[in-house]
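Undergrad: Everything below, folded, please.
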Amino acid sequence: MHTRKILITGGTGYVGGRLIPLLANRSDWQLRLMARNPEYLRARVGSDFEIVHGDVMDPPSLDAALEGIDTAFYLIHSMGSGTDFEDEDRRAAHHFATAAKRAGVKKIVYLGGLGDASEQLSKHLRSRHEVGNVLQESLAQVIEFRASIIIGSGSLSFELIRSLTQKLPVMICPRWVSMKAQPIAIEDVLSYLIQSIDHPAGESCVYEIGGPDQVSYRDLMQEYARQRGLKRFMLPVPFLSARLSSLWLGLVTPVYATIGRKLVESLRNPTVVNDPSALQAFSLKPMRLEEAIRRALSKEDQEFANTRWQDAVSSTREQRRFGGEQFGNRLVDCRTMSVPLSPETAFRPIQCIGGKTGWYYGNWLWKIRGFLDLLVGGPGLRRGRIHPTELKVGDTLDCWRVEKINPPRTLRLRAEMRLPGRAWLEFVVTPKKDGCEITQTAIFDPVGLFGLCYWYSIWPLHQFIFTGMLRNLVQAAKELEHQMDSEIPQTQNGTT
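TA: Next up, the predicted model:
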């Protein structure tokens, strides 16, 4: 039996990250993953996959990635990269198509966006359509799926809707809120992508995919509010421009203002299915909107653990905003530092955090926080830690509990102090070419208005505490390496 070789690009993104495990267990498919940073992807998916370096903006790197491939999934776009995203998308697709032609790829599967090409489309939607056309330069069969809003925890459009609805009891509704869309559940998108592998060979084709409900964005927000048990009032403001809308989105949602503007501009176009041929070509009946939202909310905790908030936006420029980022209900403060150390060395100070070691910065502030927690009936810092250098799942650590530990990669702590919500503190060590990268993330899931007020009131302190904590963790790891290096000659000379 012929084993078909399948390439997935965009494996660190929202759709690609969910597609990989679904394709991994088929014996008649051999999976290859392409990434600009293979180390980062390997740290997320494990060592059981063939991961190769490839960058669509570096054409020579694509030849090895596409060698011997039968079907390639093209799940890349540059919407977050800046004002020239159209040109970058065009050049990236051209590079990929040219390399696929050289490699003799038979099929390319591409996920684009809905929109009537006969209308004046936004730059974002126009670019999505253009990429599909450019990929046909490969002479492979291009199966292009065009979708509207993807309903799923972590989807950029869905998180925009969720954040607006969750944060604002009274919402100002520009004209685009009344525009029609045809949302589709992430599970159904993935089913279409998987079935495309066995789709009969032939001419390139475009399939418009969506759920059975055509709704406005207002309808979407109202359905979300209904399932969350929220009362929301919507005030129409037809004169609010795309630029003002995007700046407002940058304040109240996890979407950067530049990306928000591109999204808002695309929302001026209806994104509904005009050609239902996908329903006949594939054995799939997409779920209704109500069920799609219900499933997204029911899987929220699991999907947050599997997909970081950044994954919803590919190729974004790093920005910092007041209050951190928000993923659904969750507020996230994320910091990263690169160090020229092995993951094992970098992880050792992390594994020793808390107890007598302390929290590497502002220990007196931690003690005050622990004392206040004791006053309201919490554990404070009195529990310490069981072992000074070792941790296992379930261990108490001051006012935290170890929820996950995987040395030398991950430590996640769940707060057990008294809070108006739920909180986690996570450290992730990612191998890099010249060392590793330490990512420190504080996560808070607020309850009600008091929970939001609590987060924003202590956010200025986070800037000192969490910045200092990460900086001193890195310094402790460097000192540990220096100490180890100085001990090696003594051991070799037989001294103690």
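Undergrad: Give the pairing partners of the helix or strand hosting residue 405; include direction for each.
TA: Using DSSP states H and E, residue 405 falls within strand 400-406. Partners of strand 400-406 in the sheet, by DSSP bridges, are strand 396-397 (antiparallel), strand 410-415 (antiparallel).
Undergrad: By mean pLDDT, show me the worst of the ones you listed.
TA: Mean pLDDT per stretch puts strand 396-397 lowest among the strands paired with strand 400-406, at a mean of 88.
Undergrad: Flag every buried residue along the strand holding residue 405.
TA: 400, 401, 402, 403, 405 (16 or more other C-beta atoms under 10 Å). Placement of C-beta: from N, CA and C, glycine included.
Undergrad: Tell me which of the strands paired with strand 400-406 lies nearest to residue 143.
TA: strand 410-415 (36.7 Å; C-beta to C-beta).
Undergrad: what comes into contact with the closest one?
TA: 347, 350-351, 353, 391, 397, 399-405, 422-429 (C-beta atoms under 8 Å, 6 or more residues apart in numbering).
Undergrad: re the thing from before, looking at the strands paired with strand 400-406, which is closest to residue 114?
TA: Closest among the strands paired with strand 400-406, using C-beta to C-beta: strand 410-415, at 37.6 Å.
Undergrad: Apart from its chain neighbours, what residue comes closest to residue 425?
TA: Leaving aside its sequence neighbours, residue 425 sits nearest to residue 413 (C-beta to C-beta, 6 or more residues apart in numbering; 4.6 Å).
Undergrad: List the contacts of the strand holding residue 405.
TA: Contacts for strand 400-406 (C-beta under 8 Å, 6+ apart): 351, 354, 391-396, 410-416, 424-425.
Undergrad: go again using 10 Å as the cut-off
TA: Residues outside strand 400-406 that contact it (C-beta atoms under 10 Å, 6 or more residues apart in numbering): 305, 347, 350-351, 353-354, 379, 381, 383, 385-386, 390-396, 410-417, 423-429.
Undergrad: The residues you listed in strands, which ones?
TA: 396, 410-415, 423-429 (DSSP state E).
Undergrad: Most neighbours among those residues, which one?
TA: With neighbours defined as other C-beta atoms under 10 Å, the most crowded of the ones in strands among the contacts of strand 400-406 is residue 429; it has 26 neighbours.
Undergrad: For it, name its beta-bridge partners.
TA: Applying DSSP bridges to residue 429, the residues it is bridged with are residue 438.
Undergrad: And the residue nearest to residue 379 when sequence neighbours are not counted, how far from residue 383?
TA: Closest residue in space to residue 379, ignoring its immediate chain neighbours: residue 399 at 5.3 Å, by C-beta to C-beta, 6+ apart. From residue 399 across to residue 383, the span is 7 Å (C-beta to C-beta, to the nearest Å).
Undergrad: what touches both of those two?
TA: Going by C-beta under 10 Å, 6+ apart, residues that sit against residue 399 and also against residue 383 are 354, 370, 416.
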